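Asks: Next input, structure requested:
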Amino acid sequence: MTPAQQREFIRGFRGMSHSAVTIVTWSVVTGIAMAKSTLTVQQAIAMSLLVYAGSAQLAALPLIAVGAPIWVILVTSFMVNLRFVIFSLGLQAHFSYLSTWRRILLGYFTTDFSYLAHLRRFPKPETKEELAADPEHLRLYSMIGFQSANWIAWQIASITGILLASQIPNDWGLEFAGAVALVVIIGPMLDRTSAKWAAVTAGAVAVMTYGIPYRLNIILAIAAALFVGIILDKSPKQRVLS
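Replies: Numbering: from 1, shown residues only. Predicted coordinates for the structure are as follows:
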């Protein structure tokens, strides 16, 4: 790593500090939830390291506990994580020059925070001329800094939650803390009219279909939100409001 690459890495690493409280809160809640589920400590730690997607982990845990079919667990996790498909499309133009395995690795480490932090700093991908003038790929090292800080904070807090879960009473309201953390994460993303209406739709559908088996209300809520978001995104009025 060159001195310039080190500077960009450190800048990106430090840039995640403003999100540290939210990341740690959400990951501790996720770790405790895994430890208090039917998973063993070893399985919970493995899930934290391999899955690395808090919302999908929490969505899968109750399904695992009731012995839901594997396809229901996979479909639910996929639907909950559909936003990462959008993230991938958004980052593709920024890092298309990387080899396949490096893009896969970058995809694993990408989170809501690192994605937003990168696009906030670099709204537009580099042109061919800019890439040619940047042989050290400094933007990539900035992104790696964002991702490294996020991953380290998440894993330390998540594993801490797993290991200390037995010391935490069940009446501490951890589900509420997790919900608050999610609101903090999602709030900044609702910067378009379509996104706001999609969020409202998801909440309404999730509540109205709460009683159906296997938490399928989550899938219905996501599908409804996607439909509303796509329809509004294509409307002339939405483009004017944006």
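Asks: Measure how buried Ile156 is and give me the count.
Replies: Using other CB atoms under 10 Å, Ile156 has 14 other residues around it. No exception for glycine: its C-beta is placed from N, CA and C like everyone else's.
Asks: scratch that, Glu129
Replies: Neighbours of Glu129 (other CB under 10 Å): 8.
Asks: likewise Glu130?
Replies: Counted with other CB under 10 Å, residues neighbouring Glu130 total 11.
Asks: mind listing what's buried in the longest helix along the chain?
Replies: Longest helix in the chain by number of residues, with DSSP state H as the criterion: helix 138-164. By neighbour count on 16 or more other CB atoms under 10 Å, the buried set for helix 138-164 is 138-151, 153-155, 157-159, 161-162.
Asks: what do you get for stretch 41-52?
Replies: For stretch 41-52, the buried set under the neighbour-count rule, 16+ other CB under 10 Å, comprises 44-45, 47-48, 52.
Asks: and the longest helix of the chain, what's its mean pLDDT?
Replies: In this model, helix 138-164 carries a mean pLDDT of 92.
Asks: which helices and strands does that helix pack with?
Replies: With contacts defined as 3 or more CB pairs under 8 Å, 6 or more residues apart in numbering; DSSP states H and E, the packing partners of helix 138-164 are helix 3-15, helix 20-35, helix 41-50, helix 83-95, helix 100-109, helix 112-121.
Asks: Of those helices, which is nearest Ile231?
Replies: Minimum separation from Ile231 across the helices and strands packed on helix 138-164 (CB to CB) falls at helix 83-95, 16.0 Å.
Asks: ok, how many other residues are close to the closest residue to Leu63 other than its chain neighbours?
Replies: The spatially closest residue to Leu63, leaving aside those adjacent along the chain, is Ile73, at 4.8 Å (CB to CB, 6 or more residues apart in numbering). Around Ile73 there are 19 other residues, counting by other CB under 10 Å.
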